[in-house]
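J.: the sequence and its predicted three-dimensional model are supplied below.
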Amino acid sequence: MAEAAQPERLRDAERTRADLLRVATEVFAEQGLSGARVDEIAERTRTTKRMIYYYFGGKDQLYRAVLEEAYRGIREAEQSIHAGDLPPVEAVRRIAELTFDHHHAHPAFIRLVSIENIHQGAHLRQVESMRDLSRPVASLLDDTLARGRESGEFREDVDAIDVHMLISSYCVFQVANNATFGYLFGRDMTAKKVKERHRRILGDVVVAWLTQR
């Protein structure tokens, strides 16, 4: 009986930790690191501050765990494409489109990145796994670009980080600047038809750039 109870306790602990991360992501994205309160996170998850400290050690540690989980989400999504099974042009378009879709679906991620940049990446630097988390996207793009060069489709003077930066900057702008850009120019970038058009534009721009001689 005791052996059967142990896996259930483990599942309960995993569920509790996941729920705390989910709610903490919302709170930190809404209120920033300085404005977020552990009391509110505990209240929203119907748990206690003591439980949060038990799982994470404190507010700063919880924030860093939220950052790590947010970056892990986009990295895992990128790997789901199986880009190596696609022709290079199609693969790079799919990578761009997936990034676009993920950022629109996870606006909290964009807000967290913005908050962390305000703090000069201080907390990001304390997450030991962060650089390891980022390596797969560089490898994914490196492999895709290498195949495209070998086939004669892609130009030679562009590297993986160039491509990643172009895709990320376009996608981040879509979410981070929707309120201000939308007000100034009367365009809601979250509207279905606008998103579909902007998604196509991103793919077209990346492919055109890489295939331009």
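T.: Looks like it came in fine.
J.: residue 86 versus residue 98, what's the distance?
T.: From residue 98 across to residue 86, the span is 12 Å (C-beta to C-beta, to the nearest Å). Placement of C-beta: from N, CA and C, glycine included.
J.: now the chain, which segments are flagged as low pLDDT?
T.: Scanning the chain for pLDDT under 70 picks out 1-11.
J.: can you show me the helices along the protein?
T.: 2-35, 38-44, 49-56, 59-79, 88-105, 107-118, 130-150, 160-176, 178-185, 192-211 (DSSP state H).
J.: the longest one: how far from the chain's middle?
T.: Average the C-alpha atoms of helix 2-35, do the same for its chain, and the two points are 19 Å apart (C-alpha atoms, centre = their mean, to the nearest Å).
J.: next: the fifth one.
T.: A distance of 12 Å separates the C-alpha centroid of helix 88-105 from that of its chain, computed with C-alpha atoms, centre = their mean.
J.: show me the contact partners of that helix.
T.: The set of residues that contact helix 88-105 without belonging to it, under C-beta atoms under 8 Å, 6 or more residues apart in numbering, is 73-74, 77-78, 80-81, 83-84, 86, 109-110, 140-141, 144-145, 147-148, 151, 153-154, 163, 167-168, 170-172, 174-175, 190, 195, 198-199, 202-203, 206-207, 210-211.
J.: tell me, what residue is most central in the protein?
T.: By C-alpha atoms, centre = their mean, the chain has its centre lying nearest to residue 74, at 3.9 Å.
J.: for it, list the residues it contacts.
T.: 99, 102, 106, 109.
J.: could I get these in CSV, plus columns for neighbour count and distance to residue 27?
T.: Below are the contacts of residue 74 laid out as CSV (neighbours: other C-beta atoms under 10 Å; distance: C-beta to C-beta, whole Å):
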residue, neighbour count, distance to residue 27
99, 22, 25
102, 16, 21
106, 18, 15
109, 22, 14
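J.: okay if I get the residues you listed as JSON lines plus distance to residue 64?
T.: Formatted as JSON lines, the contacts of residue 74 follow (distance: C-beta to C-beta, whole Å):
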{"residue": "99", "distance to residue 64": "23"}
{"residue": "102", "distance to residue 64": "21"}
{"residue": "106", "distance to residue 64": "18"}
{"residue": "109", "distance to residue 64": "15"}
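J.: mind putting the helices of the chain in TSV, distance to residue 124 included?
T.: Shown next, in TSV, are the helices of the chain (distance: least, C-beta to C-beta, whole Å):
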stretch	distance to residue 124
helix 2-35	12
helix 38-44	20
helix 49-56	16
helix 59-79	6
helix 88-105	18
helix 107-118	5
helix 130-150	6
helix 160-176	15
helix 178-185	24
helix 192-211	25
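J.: hang on, the earlier thing: any of the contacts of helix 88-105 buried? List them.
T.: By neighbour count, with 16 or more other C-beta atoms under 10 Å, the contacts of helix 88-105 hold 74, 78, 81, 83, 86, 109-110, 140-141, 144-145, 147-148, 153-154, 163, 167-168, 170-172, 174-175, 195, 198-199, 202-203, 206-207, 210 as buried.
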